[in-house]
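Asks: generate coordinates for the sequence data below:
(one chain, ligands or ions: 2)
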Amino acid sequence: MSLQTPEFWVVIPAAGRGSRMQQSTAKQYLELSGRKVIEYSLERFSQDQEIRGIIIVTDDDETVLPIIEKFQQSYPKIHFQITRGGAERADSVRLGLKAVKTLSTNDNVWVLVHDAARPCLTTTDLIRLKQSAKSFSEGAILAAPIVDTLKQIKCSRITETHNRQLFMRALTPQMAPLKLLSEAVEHCQKNNVLITDEAQALETFGASVGVVEGRHDNIKITYPEDLALAEFILKQQASELENSTVKRNAFSNDTDNTGNSDRMKK
Ligand SMILES: Nc1ccn([C@@H]2O[C@H](COP(=O)(O)OP(=O)(O)OP(=O)(O)O)[C@@H](O)[C@H]2O)c(=O)n1
Ligand SMILES: C[C@](O)(CO)[C@H](O)COP(=O)(O)O
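Replies: Ligands and ions are numbered 1, 2, ... in the order given. Model prediction:
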């Protein structure tokens, strides 16, 4: 049986409390240069013609409904929907995936899971990740190289220094076929495996997950000082876009479609 043309859906977990941010409003709903943090990701995905629908996993209808209405008017071809969150990020993701399952009739659905708290995703990274679906049939994530020396510690003392070339920082979006990702997350939860990202669920389930090198500035707002940093990054990205008419990215001599640097292909 041949598969239909792939359809991309987005799940945005936005049901966290943001306790490390120490504010009464959850970080994804804080103001950032005149818009709420979550709106930056919504805009990025909405502008992508290949995105069929966006599920926002949230318990804050009062804040999110007016935002959705606004986006639905501007982007009528995209299906926007809210669904309830769960206790942990993984629970929220599972509930978001369930919503996609009930809405899509396509047998070739790919899901991109993206933290609501990551407002600085660029279009270039999003496109490169989606394109990597051709190379990584069981899923792929954006990840950034480690720039600092990596220490293992115990009781505030260093026990080992690791080869940082062997590690990367997992970012979002994290992308996988809907059926595989749903089964992987459910498998982990049934077996009490705590997962902090989708790739970990897929790895645990035995899938082979690809890595696409993403920008360092795709930060997750976590601590109070990150808000000002995100504001700065967004300004920088806007002027970068303005200044470059056709800016060839650093991976233009690639022969595959992952866009990764040579270091990553070894
Ligand atoms: N039960 C949860 C927990 C987290 N998230 C979402 O998952 C993303 C990444 O999680 P994290 O940065 O850990 O957010 P919080 O859990 O809100 O932060 P903290 O750990 O500081 O409380 C955020 O967009 C957050 O809203 C979610 O949807 N449901
Ligand atoms: C998914 C994630 O953003 C990838 O780095 C991260 O694992 C979320 O972790 P948190 O414990 O929910 O902050």
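
Asks: which of the residues in stretch 18-36 are buried?
Replies: Buried residues in stretch 18-36, counted by 16 or more other Cβ atoms under 10 Å: 18, 21, 26-30, 32, 36. Where you see a C-beta, it was placed from the backbone N, CA and C, and this is true even at glycine.

Asks: ok, it near ligand 1 or not?
Replies: Yes - looking at stretch 18-36 against ligand 1 by Cβ under 6 Å from any ligand atom, the contacts come from 18-21, 28.

Asks: wait, Leu178 sits on Asp107?
Replies: No - if you go by Cβ atoms under 8 Å, Leu178 and Asp107 don't touch, sitting 9.6 Å apart.

Asks: Pro119 should be in a helix, yeah?
Replies: No - Pro119 sits outside any helix when classified using DSSP: H, G, I helix; E, B strand; the rest coil, being coil.

Asks: the residue lying closest to it once chain neighbours are set aside: neighbour count?
Replies: Once flanking residues are discounted, Pro119 sits nearest to Tyr40: 3.5 Å by Cβ to Cβ, 6 or more residues apart in numbering. Around Tyr40 there are 18 other residues, counting by other Cβ atoms under 10 Å.

Asks: and if you look at Glu39?
Replies: 20.

Asks: and whichever residue of the stretch 1-150 of the chain sits closest to ligand 1, what pLDDT?
Replies: Using Cβ to the nearest ligand atom, the single residue of the stretch 1-150 of the chain nearest to ligand 1 is Gly16, 2.1 Å away. Looking at Gly16, its pLDDT stands at 97.

Asks: and for Glu240?
Replies: pLDDT for Glu240: 92.

Asks: could you count how many residues lie near it?
Replies: Residues near Glu240, counting by other Cβ under 10 Å: 11.

Asks: start at 539, not 1
Replies: Renumbered: residue one is now 539, and that last one reads Glu778.

Asks: that one: what secondary structure?
Replies: Once three-state DSSP is applied, Glu778 turns out helix.

Asks: how much space is there between it and Phe770?
Replies: 12 Å (Cβ to Cβ, to the nearest Å).

Asks: closest to Pro711 among the residues of stretch 556-574 next to ligand 1?
Replies: Gln566 (15.3 Å; Cβ to Cβ).
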